[in-house]
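S.K.: quick one: sequence and predicted model below, then my questions.
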Amino acid sequence: MIQIKKIILFGFAGMLLAGTISAQEAGGHGSMTFMQDWLPRIINFGILAGIIAYVVWKFPLIQNFFKNRTQEIIQSMQESRETRTKVLSDLAAMEQKIKDLHLETKAMIQEAEKRGERDRQLLIEEGKKTAAEINRQVQQGLDIEVRKAKSALREEAALLSLSLAEGKIKKTITNKDHERLLKESIKNSGSSKS
């Protein structure tokens, strides 16, 4: 209540000061004087301020309104500070989660790279084993083909040798040799029967 009275007094003093300064400046420049221009305004303001002060002082409901409003503003500011503190705390927690997630992602990438390198080494080893097995099978196939070719060449060489020998024998054997061989063959077959 004391503050309201101080406000009213300072308001009156301000109005009087403004009226005095205005009246001095107007001096002889205008036809209106302080009494004609500012005094009625100051009186009106005083009456209005007095009525407001009386109503506020007389009716506790209005006083309670301003007190409650002040309390609401103080409570709102306190809640705002608490909310700000909570938001900052949540923000710090969220930033920490983001950092942790970044570290976890980095660890997962490194693990995937290691796993990929192990898989690559396993594939290389399996490829080498498969290549060695293919080389062994190819070598076996070549060995078999070489043996077949050698066998075929021997047979061919034997047939050619027989053919050549037969041709030479036919050229060199005469009729006499032929008769003699026939007689010896008969003789050998007769002696083998007995």
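M.R.: Nice, thanks for sending it over. Numbers count the residues shown, from 1 in each chain.
S.K.: residues near the residue lying closest to residue 181 once chain neighbours are set aside, how many?
M.R.: Leaving aside its chain neighbours, residue 181 sits nearest to residue 173 (7.9 Å; criterion: C-beta to C-beta, 6 or more residues apart in numbering). The way it works is simple: take the backbone N, C-alpha and C, and place the C-beta from them, glycine included. A total of 12 residues lie near residue 173 under the criterion other C-beta atoms under 10 Å.
S.K.: try residue 159
M.R.: Neighbours around residue 159, by other C-beta under 10 Å: 10.
S.K.: same question for residue 49.
M.R.: Count around residue 49 with other C-beta under 10 Å applied: 17.
S.K.: for the residue nearest to residue 181, give its distance to residue 137.
M.R.: Per C-beta to C-beta, to the nearest Å, residue 173 is found 53 Å from residue 137.
S.K.: next, the residue nearest to residue 181: phi, psi?
M.R.: phi -80, psi 130 (degrees, to the nearest 10).
S.K.: helices and strands of this protein: which one bottoms out on pLDDT?
M.R.: helix 2-26 (a mean of 62; mean pLDDT, DSSP states H and E).
S.K.: packing partners for the next helix or strand along the chain from that helix?
M.R.: From helix 2-26 onward toward the C-terminus, using DSSP states H and E, the following helix or strand is helix 34-58. On a contact count with 3 or more C-beta pairs under 8 Å, 6 or more residues apart in numbering; DSSP states H and E, helix 34-58 meets helix 2-26, helix 60-172.
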